[in-house]
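**Q** Need a 3D model of the sequence below.
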Amino acid sequence: MGTLKQYTALLIKLEQQSFGLAALAGQIQEKLKSAGDFINDCFLPSSTPESNYKNKIKDKICLQGMQFYAYHGASAPERELGQRLEVEVEIFSDLRAAGKLDDLAHTVNYAEVYQVVQEVVTNSSYNLIEALAEAVAAAILARFNVTEILVRIKKPVPFIPGCLSGVAVEIHRYQ
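**A** Okay, here's the model as predicted:
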């Protein structure tokens, strides 16, 4: 795979040979330049001052495979009999201080996050898992110092006819 300079040189050569592709070559050249800028901005943060990439930090804490028995759903059987729900949460926060200082006070305590999720999921009842996901996200954003959150809620055995491995909702919210 060639470099951006090699591709640019090839395009200039095409343009010079006048195959009627000069305009197209110029457009492609601009796209490659933009792609190069995008790659530098997104994947090479060490080449820019810290102040320029501070908002690009994507540290996260993941709570995976949480399972709760709860009473959420649009149908009467779901709300009366209940069902198992699987919940996953990704919390985005700057974790550099916690990594440097090795101190729980400088991070989001995932044991406390688990307790918040458990409380919301088991002590409420929503018709839609979309509403439940919103409630989980709102509770975590209100209590912890996080910039973004992603919440996934899955019904592994939904109360619908048919053969499927579950239904899920995923929401992404910002502070």
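**Q** isn't residue 166 right next to residue 155, touching?
**A** Yes. Using C-beta atoms under 8 Å, residue 166 is in contact with residue 155, at 5.8 Å. For the C-beta atoms, the positions are set from N, CA and C on the backbone; glycine is no exception.
**Q** Please say which of the two ends up with more neighbours.
**A** residue 155 (19 against 10; other C-beta atoms under 10 Å).
**Q** Near the nearest residue to the more buried one once chain neighbours are set aside, how many other residues are there?
**A** Excluding the flanking residues, the one nearest residue 155 by C-beta to C-beta, 6 or more residues apart in numbering is residue 167, at 5.2 Å. Other residues lying near residue 167 total 14 when counted by other C-beta under 10 Å.
**Q** And the helices in this protein, which stretches?
**A** Per DSSP state H, the chain carries helices over the ranges 4-16, 22-43, 50-53, 76-81, 96-101, 110-122, 129-143.
**Q** Can you tell me which of these has the worst average pLDDT?
**A** With a mean of 49, helix 50-53 has the lowest mean pLDDT of these.
**Q** re earlier: I'd assumed residue 153 was in contact with the residue nearest to residue 155.
**A** No. At 9.5 Å, residue 167 does not count as touching residue 153 under the criterion of C-beta under 8 Å.
**Q** Find residues that contact each of these two.
**A** residue 129 (C-beta atoms under 8 Å, 6 or more residues apart in numbering).
**Q** And for residue 136, the neighbour number?
**A** 26.
**Q** surely it meets residue 90?
**A** No. Using C-beta under 8 Å, residue 136 makes no contact with residue 90, being 11.8 Å away.
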